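Novice: I would like to see how this sequence folds:
(one chain, ligands or ions: 1)
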Amino acid sequence: MAKKKTRTKTNTGKKSTKFSFKLNRQQKVVLGSFLMLFGLALSVAFISFLFNWEVDQSTLGEFSNREVETKNWLSKFGASVSDFFMYKGFGLAAFILSILVSYSGFHLFLGVKSTKLRESWIWGILIMLWLAIFFGFFAAENPLLGGRIGYEMNDFLQDYLGFFGTILLMLFLFIAYLSLRLKITPELIGGFVKSKKDSLNKEFQSNKEEISATEEETDWKNQVTPKQEKPTEKTSAEIKLEETPPKKETSTPSPKPAKKEDSGEVEMEVETTEEEEIEEDKISNKIVKDFGEFDPTLELSNYKFPTLDLLQEYGGGITVDQEELEEHKNRIVDTLKNYKIEIAQIKATVGPTVTLYEIVPEAGIRISKIKNLEDDIALSLSALGIRIIAPIPGKGTIGIEVPNKNATIVSMRSVIASPKFQNAEMELPMALGKTISNETFVVDLAKMPHMLMAGATGQGKSVGLNAILTSLLYSKHPAEVKFVLVDPKKVELTLFNKIERHYLAKLPDSGDAIITDNTKVINTLNSLCIEMDNRYELLKNAMVRNIKEYNVKFKARKLNPEEGHKFLPYIVLVVDEFADLIMTAGKEVETPIARLAQLARAIGIHLIIATQRPSVNVITGIIKANFPARIAFRVTSKIDSRTILDGQGADQLIGRGDMLFTQGNELRRLQCAFVDTPEVDKITEFIGSQKAYPEAHQLPAYEADDSGTGVDIDVSERDKLFREAAEVIVTAQQGSASLLQRKLKLGYNRAGRIIDQLEAAGIVGPFEGSKARQVLVTDLAALDQLLNEE
Ligand SMILES: Nc1ncnc2c1ncn2[C@@H]1O[C@H](COP(=O)(O)OP(=O)(O)OP(=O)(O)O)[C@@H](O)[C@H]1O
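Specialist: Prediction:
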């Protein structure tokens, strides 16, 4: 038997691999349909053979004689094949063969992979043999049941195992089949029986209830309509009631409790949430499929970015003056030798404005010793702007930066054209200039997230700001970034007026977009704070953490514009002279600036603040703490350098765009890219002449509380610092706005407003020209009384 098993196994195996790998699809369809129909024909022949086998028995030898008729539905072919497979073969079990043939045909026809097919054949043939042997026991009653093979094999087994032994063997094979093939175990049977029992009990119980309910109902009906003779209807009602409830019962409890008892798990809620997410995605995917991703640049789709030829090329690249290098090297080595510092190695890197000499001192030399020689080296080289970096971070060397005799201008054109800028994958790329090793230096403003810039007059701040703005104009579409420009000097940024309707943002109904007036600055800053709050609300509703994620989600049409969602451009606030602002408006400017600096990074508002005077009363602690990125052009004192950079260095720069940049870590010396006013003019002209938005980007309206100077000011409209101000005035007995400005660190406007309110409250007298107002309350106790009586 074992031999037979393996033989059949390999045969079928070969068959299936042949079919599945060597036939093309069409051939498979043909062969598949043939096998399906052939299997069907076998079944028909076998069924017919069951009834006619005795009659057709005599005709079998006369296959070639056409005169002889057979009763089989498939005539001679059917009779012969059936005789072969059933009578001489496996008896009733031959049906399995026909089923296997049809099944294989079905597989081929549909092109289904045939891994399971081979298994089916193996198990099918085993069952066939088992059945044939089993029916072999009844060969005496009907030889067709087990066929000749079945009978012979049964006989064979009985010769060796006896009748009882054969039955035991058959039983064993049956159990093995149940366990291996159908995976039926005693536990499974036990569980099934138990659940069946339970469900039957429940069914029985509910049927009982239903029946009693129907009996009651029908009794009641009979009472209400006693005349209706409804014996048949009553039974039909009963039948209905009996039939439907069990259905309900079986549909809910019967299959599930069986499972519950096995596993005890319920997993309904998880599925529902998943479905919802998919639905949402589907909708947005569908919109994206129909209309494509949202394109914020669509409104100005023909917008052309400024071209490179608008920028000027300044001279060639860096020229290396060998003589100068040699001379500097010798002087450095000699100076150090004078102080008994031996050098093991020296290397020069020529940058646009300075050359970096990297020296490796002999072993045992203290670094601080070289650092202390800064002035001596400067003296021996007779050059300004020498900076010693000891050691150079990340390298085991000491750097001495010596200015070149002939500085090279780093043109904006060269940095914009550089692959570093062109390929920068940044949100707000800024090409600041070139490093000492002549590499273009590009940073992302969005990552900074705010920048402070300081430098004495004429050292290159305005050029630096222009370089930053130019970088953004060359890399960002008008839909992606908006500038809020504050220019108290009134001249530096006016050129950008031309691009008002492309790139600038302003308050509604506020004339010029470039802000030169200090009161307007306060309103704009407060408006930006409102914008910030609005944006945070949008981000919260969209369940994202920052503007980048928000815009990605919006572009993928996952946010509904009807719910207030819109594409959010970055907003860059540039203040050209911060010192001036702080001096005139004080806290009124500092507070919103600090608030924006603290919170605005996630929602895409970035600040760039420049100042001539980096003193501590301009760059206060709170401002400094929130501006991690700093640019220092040359400043006049070490103190200023320390204020802006938290260290020395800015006072040793050589000016004209020579700068130090830090982002909270190491200092980098850069040569700022130079962009001249005519170039900026050309760029803004180029952009300004193109189709623009109907108006500048509108910031939210801010209601400033400059409610006039009328004497009848409402108590509820008083300034928050009103009481404090009154106390200051009464204590000093001097009714002047400048006193309030100084004591309470207020801007002029606010102090003036408070004075008006004090006048309205009867604390100070009316305006008296250049003289301070008269104070009408003599002391704090009187003030208290006055204010409490109100
Ligand atoms: N990167 C640079 N490369 C070459 N020259 C520069 C560079 N930056 C500035 N300069 C020179 O320095 C001059 C003054 O620069 P800029 O107007 O930017 O100074 P500033 O710091 O803005 O001065 P102020 O504060 O008075 O406005 C420029 O006209 C230019 O000649």
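Novice: all helices of the stretch 51-200 of the chain, in order?
Specialist: 75-82, 94-110, 115-136, 143-180, 186-224 (DSSP state H, counting those that start in this stretch).
Novice: quick check: residues of this protein near the ligand?
Specialist: 409, 455, 457-463, 612, 656-657, 672, 674 (Cβ under 6 Å from any ligand atom). Quick note: C-beta positions are derived from backbone N, CA and C, even for glycine.
Novice: which of these lies closest to Q648?
Specialist: Checking these against Q648 by Cβ to Cβ gives G455 as the nearest, at 15.2 Å.
Novice: tell me the contacts of the nearest residue in space to the closest one that is not next to it in sequence?
Specialist: In space, and not counting its chain neighbours, G455 is closest to F633: 2.7 Å by Cβ to Cβ, 6 or more residues apart in numbering. F633 makes contact with 453-456, 459-461, 464, 650, 653, 655, 657-659, 672 under the criterion Cβ atoms under 8 Å, 6 or more residues apart in numbering.
Novice: nearest to the ligand, of these?
Specialist: Distance to the ligand, by Cβ to the nearest ligand atom, is smallest for G657 among the contacts of F633, at 2.2 Å.
Novice: wait, I609 touches N626, no?
Specialist: No. The pair I609 / N626 is not scored as a contact, 10.4 Å apart, by Cβ atoms under 8 Å.
Novice: neighbour-wise, which of the two wins?
Specialist: I609 (25 against 20; other Cβ atoms under 10 Å).
Novice: got the contact list for the more buried one?
Specialist: So I609 contacts 450-453, 574-575, 578, 593, 623, 627 (Cβ under 8 Å, 6+ apart).
Novice: so of the residues you listed, which ones are in helices?
Specialist: 578, 593, 623 (DSSP state H).
Novice: which members of the residues of the chain next to the ligand are positioned in helices?
Specialist: 461-463.
Novice: quickly list the domain ranges of the chain.
Specialist: Domains of the chain are assigned by automatic domain parsing as 2-184, 187-263, 322-403, 412-698, 715-789.
Novice: pLDDT below threshold where in the chain?
Specialist: 1-22, 113-115, 202-284, 286-287, 289-291, 315-317, 703-714, 768-771 (pLDDT under 70).
Novice: find residues that contact each of I609 and N626.
Specialist: In contact with both I609 and N626: H450, using Cβ under 8 Å, 6+ apart.
Novice: still on that earlier bit, redo the residues of the chain next to the ligand as a markdown table? Include distance to G385.
Specialist: Formatted as a markdown table, these follow (distance: Cβ to Cβ, whole Å):
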| residue | distance to G385 |
| --- | --- |
| I409 | 17 |
| G455 | 14 |
| T457 | 18 |
| G458 | 15 |
| Q459 | 12 |
| G460 | 14 |
| K461 | 18 |
| S462 | 21 |
| V463 | 18 |
| Q612 | 20 |
| R656 | 11 |
| G657 | 13 |
| C672 | 15 |
| F674 | 18 |
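Novice: can you tell me which of the residues you listed are buried?
Specialist: 409, 455, 459-463, 612, 656-657, 672, 674 (16 or more other Cβ atoms under 10 Å).
Novice: so of those, which two are at opposite extremes in space?
Specialist: Maximum pairwise distance among those (Cβ to Cβ): 22.9 Å, between I409 and Q612.
Novice: now the nearest residue to N526 once chain neighbours are set aside: how far from the ligand?
Specialist: Counting by Cβ to Cβ, 6+ apart, N526 lies nearest to Y702, which is 4.6 Å off, once chain neighbours are set aside. With distances taken as Cβ to the nearest ligand atom, to the nearest Å, Y702 is found 29 Å from the ligand.
Novice: likewise N330?
Specialist: Taken as Cβ to the nearest ligand atom, the span from N330 to the ligand is 29 Å.
Novice: sec struct for that residue, please.
Specialist: helix (DSSP: H, G, I helix; E, B strand; the rest coil).
Novice: ok, back up a step: just the buried subset of the ones in helices among the contacts of I609, please.
Specialist: For the ones in helices among the contacts of I609, buried by 16+ other Cβ under 10 Å: 578, 593, 623.
Novice: mind listing what the last one touches?
Specialist: Residues in contact with I623, defined by Cβ under 8 Å, 6+ apart, are 452, 590, 593-594, 597, 609.
Novice: which one among the residues you listed gets closest to the ligand?
Specialist: Taking Cβ to the nearest ligand atom as the measure, the ligand lies nearest I609 of those, at 13.4 Å.
Novice: and which of the contacts of I623 is nearest to L169?
Specialist: Distances from L169 to those, taken by Cβ to Cβ, are shortest for A597, at 89.7 Å.
Novice: for that closest one, which non-adjacent residue is closest in space?
Specialist: Closest to A597 by Cβ to Cβ, 6+ apart is N626, at 3.5 Å.
Novice: how close does the one you found get to D375?
Specialist: 35 Å (Cβ to Cβ, to the nearest Å).
Novice: repeat that for E425.
Specialist: For E425, the distance to D375 equals 44 Å [Cβ to Cβ].
Novice: these two: which is more packed in?
Specialist: When E425 and D375 are compared for neighbours, D375 comes out ahead with 10 against 6, by other Cβ under 10 Å.
Novice: which residues are contacting whichever strand or helix holds the more buried one?
Specialist: If you go by DSSP states H and E, D375 is part of helix 374-381. Applying Cβ under 8 Å, 6+ apart, the contact partners of helix 374-381 are 328, 331-332, 334-336, 339, 384, 386-388, 400, 402.
Novice: now, the residues you listed that are in strands?
Specialist: Judged by DSSP state E, the subset of these located in strands is 387-388, 400, 402.
Novice: so the residue most central in space within the chain is in which element?
Specialist: Among the residues of the chain, the one closest to the centroid is E549, at 5.7 Å (Cα atoms, centre = their mean). Assessed by DSSP H and E, E549 sits inside helix 547-555.
Novice: ok, K434 next?
Specialist: Here K434, judged by DSSP H and E, is contained in strand 429-435.
Novice: list the buried ones in that strand?
Specialist: 429-435.
Novice: partner strands of it, with direction?
Specialist: strand 440-444 (antiparallel), strand 667-672 (antiparallel) (DSSP bridges).
Novice: hey, where'd the helices end up in the stretch 451-600 of the chain?
Specialist: Applying DSSP H, counting those that start in this stretch to the stretch 451-600 of the chain gives helices spanning 461-475, 500-503, 518-542, 547-555, 578-585, 587-599.
Novice: chain center to the fourth one: distance?
Specialist: Relative to the centre of its chain, helix 547-555 is centred 9 Å away, using Cα atoms, centre = their mean, to the nearest Å.
Novice: same question, the last one
Specialist: The gap between where helix 587-599 is centred and where its chain is centred comes out at 30 Å by Cα atoms, centre = their mean.
Novice: check which residues of that helix are buried.
Specialist: So, applying 16+ other Cβ under 10 Å, buried residues of helix 587-599: 587-590, 592-597.
Novice: and for the fourth one?
Specialist: For helix 547-555, a neighbour-count test (16+ other Cβ under 10 Å) marks 547, 550-551, 553-555 as buried.
Novice: would you mind writing the CA trace of that helix as PDB?
Specialist: Extracted in PDB, the C-alpha atoms of helix 547-555 (Å, rounded to 0.1, in the frame of the first residue of the first chain):
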ATOM      1  CA  ILE A 547       2.900  74.400   9.400                       C
ATOM      2  CA  LYS A 548       4.800  71.900   7.100                       C
ATOM      3  CA  GLU A 549       2.600  69.000   8.100                       C
ATOM      4  CA  TYR A 550      -0.500  71.300   7.900                       C
ATOM      5  CA  ASN A 551       0.300  72.400   4.300                       C
ATOM      6  CA  VAL A 552       1.100  68.800   3.200                       C
ATOM      7  CA  LYS A 553      -2.300  67.700   4.600                       C
ATOM      8  CA  PHE A 554      -4.000  70.700   3.000                       C
ATOM      9  CA  LYS A 555      -2.400  70.000  -0.400                       C
END
